[in-house]
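Coordinates for the following, if possible.
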Amino acid sequence: MSTHSAEGQGNTDRLAQVFRAAKEEARAAFVGYLPAGYPTVAESVENMVALARYADLIEVGIPFTDPMMDGPTIQAAADTALAHGFRVKHTIAVVRDVVAAGGNCVVMSYWNPILQYGPEKFAAELAAAGGLGSIIPDLLPEESGRWSAACEAEGLSPVYLVAPSTTEERLAITCSAAKGFVYAASHMGITGAQEQVASSAAELVRRTREHTDLPVAVGLGVRNGQQARDIAEFADGVIVGSALIQAVEEGTLPDLAAELAAGVRGRA
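Just a heads-up that it's a prediction; the model follows:
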């Protein structure tokens, strides 16, 4: 029995619509993460615009000095961005430029940078830039009243995370608070490309769907088209981060993005 219905939100949940559009093509959505400001603000926009040619949704990361779940690849990229003078305000400009180029964007950030910036101010500026929502891994639904209100006021969708260890009670709480989609972390621990995505991901998606009609996207560990294809068989979206950063470093971003886009279409 669903406790939360995507359809019940009417047409206001533009983020969920990104996934529904992919579903109408009988495929999963491809969600790609890159940090704003890496290696510079201008280059991060160029990379995200290139990624948006293949990805249905771009997670625009906000570099942070004290991340909770970022692995070495994302942390090193964040350190580079910060060393080059990245500030939270640059995130808005990056989102605006990527949206102007035709991309769909959400921000992925820890709560502290948004809290310091001013949640209401950040939400208003993100919405004005064309952003669709947020993913904040360290903000629990029951502690997110201020951010939820800011998102509601600006038409943004707050996305929350679930993991294999999440209890049924917490699944219900998280899904009832979520909009846009539910982020299913395939394994416990930090981010990073894995040789094999945890088998617990399919079971987590099944459990999550018992509590919501929202799309469920799987992230953490995806590194190639075959893994994307495997996950697309049971999830509504496939989220890729560290592997894309490595591709930026190696100059192979378009190649990997094309491979992942083929994967969610069952052609990897």
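
and the gap between W147 and V159?
Separation of W147 from V159 (Cβ to Cβ, to the nearest Å) stands at 11 Å. (C-beta placed from N, C-alpha, C; glycine too.)

for N47, same thing?
Taken as Cβ to Cβ, the span from N47 to V159 is 22 Å.

Over to L34. Which of the three states is it?
At L34 the chain is in strand, as set by DSSP: H, G, I helix; E, B strand; the rest coil.

quick check, distance from the least confident helix or strand in the chain by mean pLDDT to the centre of its chain.
When the helices and strands of the chain are scored by mean pLDDT, DSSP states H and E, helix 72-83 comes last with a mean of 89. Relative to its chain's centre, helix 72-83 lies at 18 Å (Cα atoms, centre = their mean, to the nearest Å).

and if you look at stretch 257-265?
17 Å.

residue ranges with poor pLDDT in the stretch 101-250 of the chain?
Applying pLDDT under 70 to the stretch 101-250 of the chain flags residues 187-198.

Tell me where this structure has strands.
29-35, 57-61, 105-108, 133-135, 157-162, 182-185, 216-219, 237-240 (DSSP state E).

now those as JSON lines including mean neighbour count and distance to T91?
Listed next are the strands of the chain as JSON lines, based on neighbours: other Cβ atoms under 10 Å; distance: least, Cβ to Cβ, whole Å:
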{"stretch": "strand 29-35", "mean neighbour count": "28", "distance to T91": "10"}
{"stretch": "strand 57-61", "mean neighbour count": "27", "distance to T91": "6"}
{"stretch": "strand 105-108", "mean neighbour count": "26", "distance to T91": "6"}
{"stretch": "strand 133-135", "mean neighbour count": "28", "distance to T91": "11"}
{"stretch": "strand 157-162", "mean neighbour count": "23", "distance to T91": "16"}
{"stretch": "strand 182-185", "mean neighbour count": "26", "distance to T91": "19"}
{"stretch": "strand 216-219", "mean neighbour count": "26", "distance to T91": "20"}
{"stretch": "strand 237-240", "mean neighbour count": "29", "distance to T91": "19"}
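
Can you say which of these is nearest to T80?
Ranking the strands of the chain by proximity to T80 (Cβ to Cβ) places strand 29-35 first, at 8.6 Å.

which strands and helices sit next to the closest one?
helix 14-24, helix 41-52, strand 57-61, helix 72-83, strand 216-219, strand 237-240, helix 242-250, helix 253-264 (3 or more Cβ pairs under 8 Å, 6 or more residues apart in numbering; DSSP states H and E).
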